[in-house]
Structure formats: C-alpha cells, structure tokens
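S.K.: Next comes the sequence, and after it the predicted model I'd like to discuss.
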Amino acid sequence: MVTDKMPEPKRKRSFMWSCLPSAILLSAVFFIGSAFLVTDYKERFLGGCNLYPIKATKPKTCEYECRANGTETLPRGIVSRTTDMEMRPLWGPPKKKKLKSPTNLLGIAVGIKQKKNVNEIVKKFPLTDFAVMLFHYDGNVNGWRDLEWSNSVVHVSAINQTKWWFAKRFLHPDVVAQYDYIFLWDEDLGVENFHAGRYLSIVKEEGLQISQPAIDAGKSEVHYKLTEREISSKVHRRAINLRGPGRRCYEDSMEPPCTGFVEMMAPVFSRASWRCAWHMIQNDLVHAWGLDFQLGYCAQGNRTTNIGIVDSEYLIHLGLPTLGGSSGTKINDEVEKQSSPDKILPNAGKTVISAVEPSDERNAVRRESFIELDDFKNRWKKAVREDECWVDPLQIPPQQN
C-alpha cells in the first residue's frame with residue numbers, strides 16, 4: 001500500500017535536529033547557573049571555605065572536605081579558630097587559676113578625668129564573667145595603674161579616637177566570637193541601680209538580641225522617650241509619645257525611635273547581632289551617628305520584639321562633655337529629625353550649633369558628627385539602590401496564618 005506519510009526514522013531525525021540548539025542553550029544556562037549556586041552555597045553555608053585539592057593517596061572521604069579560608073594548607077588539629085582577651089604569663093602557670101573563662105565583654109572609651117566613675121562601672125562587672133577593655137582616648141594609661149583591677153583588664157590607647165573607632169578595629173566579630181554578649185558603654189553612666197548578672201538573666205529570658213538598661217529620667221539627660229525608665233516594669237519595647245518633645249510615637253508605630261531602638265551610649269549586643277552591627281559600622285565614620293536607627297536590621301528577626309529596654313536594671317546618664325561632648329537635648333532633637341534614612345533635610349551635614357559655645361573643639365566635633373550622619377544616610381541609600389539582590393527584611397509583610 002502506498003502512503004504519503006514520511007518514514008518514521010526521518011521524522012525523528014528532523015525533530016532531533018530542530019531541538020538541538022535549544023538543548024545546547026539550556027545546557028549552557030544550567031552549567032553557568034550551577035557555578036553561581038555552588039559559589040553561593042559555599043559562601044552561605046560553608047563560611048567562605050575552600051574545597052582544597054586532595055592527593056589521590058588520601059581516603060575518598062577527604063575529597064570534599066571544606067576548610068576555612070587561610071587554613072587550607074594546615075592540618076585541621078592545629079587550627080585555632082577563636083581567641084579571647086585573657087592575658088597569659090610570660091613563663092610558668094597563671095598565678096591564679098580560673099575556674100572558668102569570661103563569657104561576656106565590656107568595652108568603654110575612657111579619659112582620666114572620669115577615672116572615678118569608670119572605676120564604679122568596672123566594679124559592677126565581675127572579672128570572672130566579663131573580659132574588660134578600656135579604650136583610652138587621652139593616651140593616659142599609667143594613671144589607672146593604682147586601681148585594683150587595672151592589671152586584669154586590657155588597655156588600648158589612641159589619642160582622640162571614639163568608642164566606635166576602637167570597636168571597629170579591635171572588636172572584630174571573629175576576635176570576640178568567644179563572648180555571648182558585648183557591652184559597649186560610655187564613661188558617663190551612673191550604675192548605682194545596675195547589676196550585670198541580673199541584667200543578663202533578663203536579656204536571655206526575654207530573648208533580646210540588642211538591648212540597653214533604661215535611663216532614670218529624674219536624674220538624667222534623656223534623649224528619647226523609648227529609653228526612659230518605666231517604673232514597675234521589667235522590660236519595655238515601645239514608647240507612646242503623643243505630645244513630644246521629639247518624634248511622635250503612637251500605639252501602632254513600628255519604626256525607631258518608637259520601637260526597635262536603643263541609644264549608642266550603652267548598647268548591649270548578642271554575639272550574632274554584633275557580627276551584623278560591626279559590618280554596618282563605617283570604618284571612616286568614627287562617631288557612628290545614624291547607626292542606632294538601623295540596628296533593627298541586626299536584631300536577628302523582628303526588631304519590635306528582639307530589641308528592648310531593661311527597666312529593672314537602669315542607669316543614670318550624667319551627660320558629661322567628654323571627647324568633644326555629649327550634646328544637649330536641642331542637639332539630639334535635631335539628630336533625631338535627620339536620622340531617618342528616608343529624609344534628607346536641607347541642613348543635613350551642616351552644623352546647627354550656635355556660635356556661642358563653651359568650646360570650639362566640642363563645636364567642631366558636633367559639626368563633624370552631623371556631616372558623618374549625612375554621609376551615612378547617603379551611603380545607605382546608595383547601597384540599597386545598587387544592590388539588586390537585596391530584599392529589605394523590615395519591609396516584608398508578615399505571613400498570613
């Protein structure tokens with residue numbers, strides 16, 4: 001029987017040839033995509049480690065062994081991944097054998113004029129539980145030698161540098177990974193009503209990743225309603241401020257400084273939140289203005305629950321003009337207005353301080369702080385604009401149950 005249909009083998013060959021270009025293209029896309037996925041997997045889950053080439057004489061289980069960057073040529077047992085701030089003797093065993101190593105860290109930028117107050121602060125942090133670092137911005141280290149704890153803490157000196165300058169250079173997350181909580185405090189804090197042990201118990205119980213002790217409004221210079229102590233409360237996470245001064249905060253306000261916010265005078269970071277915050281500190285912006293309004297990105301989840309103010313363990317903020325000065329309420333109102341990353345005011349980056357100031361140096365420090373604030377906001381906006389892969393975790397709507 002004669003038929004007009006094409007023989008089956010020829011039809012199959014035509015179909016295969018027509019599909020070949022598409023198959024080649026898909027293979028290329030798959031190959032390139034796989035390379036990116038492997039790189040991404042290594043960075044996210046393997047801590048930036050490398051798959052080091054193994055000699056054929058080694059067991060097959062070694063072929064895909066992951067080794068941290070910089071350790072590829074070392075035997076695993078010699079790699080020491082962490083460090084601490086404990087001092088070691090030049091010879092012989094330690095004079096006093098410790099039952100345990102400190103699991104938390106206190107860092108304070110200090111000047112000799114505040115020696116008496118700093119002494120009271122340090123004595124509140126038992127050296128059995130806390131490693132202590134003093135950052136001397138006036139270069140005077142010897143003036144502290146007569147304090148009983150002086151030889152047991154780490155002293156770092158650099159003239160006229162801020163707390164955040166020191167933190168960026170000496171508290172890298174890998175260096176302080178040994179510590180559960182990092183306290184980065186100013187020197188002008190009254191600690192009569194503060195107990196470090198109770199504070200840590202509350203922070204752990206409440207699941208706070210970033211926190212600070214509340215400020216006693218009756219005896220202190222208070223800049224934000226949220227950080228003011230609430231009497232008869234253990235912890236609070238938001239403030240209601242209907243009339244001012246400062247930014248208005250309502251029951252449904254979801255942004256700092258109404259919720260998810262701490263000040264930079266006495267922040268306390270968990271290990272995980274500090275790893276994030278350290279990367280956000282700009283190396284050249286030493287005053288860190290504006291950083292407090294973005295700490296919610298480091299809260300390891302919901303900033304309205306993971307950031308809080310501890311009321312039962314509270315401080316007095318003396319507001320002393322050290323290292324260029326703690327600014328007055330009027331100045332901090334202006335900072336608050338300019339701190340929002342979504343608002344660039346006409347005078348942003350310019351001093352708003354009156355020329356009638358007791359110290360030209362303090363005035364210059366404040367001026368530089370405003371300039372840095374403007375720089376930080378612009379860098380944030382630029383980073384958001386240029387990072388096509390970044391998804392703002394604070395703008396993702398909550399999942400519906």
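M.R.: Cool, the structure landed.
S.K.: from here on, contacts and neighbour counts on C-alpha atoms
M.R.: Noted.
S.K.: lowest average confidence, helix or strand, in the protein?
M.R.: Considering only helices and strands, the least confidently modelled element of the chain by mean pLDDT, DSSP states H and E is helix 329-339, at a mean of 47.
S.K.: for the stretch 251-400 of the chain, what are the low-confidence residue spans?
M.R.: Within the stretch 251-400 of the chain, the stretches with pLDDT under 70 are 323-359, 396-400.
S.K.: which residues in the protein form strands?
M.R.: Using DSSP state E, the strands of the chain run over residues 50-51, 66-67, 104-110, 130-136, 154-157, 181-185, 189-190, 210-215, 235-236, 268-270, 307-317.
S.K.: Next, count neighbours for residue 302.
M.R.: Counted by other Cα atoms under 10 Å, the residues lying close to residue 302 total 14.
S.K.: Likewise for the one 5 residues further on?
M.R.: The local packing of residue 307 (other Cα under 10 Å) involves 31 other residues.
S.K.: same thing with residue 306?
M.R.: Using other Cα under 10 Å as the criterion, the residues surrounding residue 306 number 21.
S.K.: Ok, residue 207 next?
M.R.: Using other Cα under 10 Å, residue 207 has 15 other residues around it.
S.K.: Repeat that for residue 256.
M.R.: 24.
S.K.: how near is residue 140 to residue 381?
M.R.: According to Cα to Cα, to the nearest Å, residue 140 stands 40 Å off from residue 381.
S.K.: For this structure, which residue occupies the most central location?
M.R.: Among the residues of the chain, the one closest to the centroid is residue 277, at 1.8 Å (Cα atoms, centre = their mean).
S.K.: From residue 262, how far out is that residue?
M.R.: Applying Cα to Cα, the value for residue 277 to residue 262 is 13 Å.
S.K.: re the thing from before, may I see the strands of the chain organised as TSV, with distance to residue 122 added?
M.R.: Below are the strands of the chain laid out as TSV (distance: least, Cα to Cα, whole Å):
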stretch	distance to residue 122
strand 50-51	42
strand 66-67	40
strand 104-110	8
strand 130-136	8
strand 154-157	12
strand 181-185	11
strand 189-190	11
strand 210-215	16
strand 235-236	24
strand 268-270	15
strand 307-317	14
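S.K.: Ok, which of those strands comes nearest residue 89?
M.R.: Proximity of these to residue 89 was assessed by Cα to Cα; the nearest stretch is strand 154-157, lying at 14.0 Å.
S.K.: Deepest in the core, which of the strands of the chain is it.
M.R.: By mean neighbour count, with neighbours taken as mean count of other Cα atoms under 10 Å, strand 210-215 ranks first of those at a mean of 28.
S.K.: Quick one: mean pLDDT for that strand?
M.R.: Here strand 210-215 scores 98 as its mean pLDDT.
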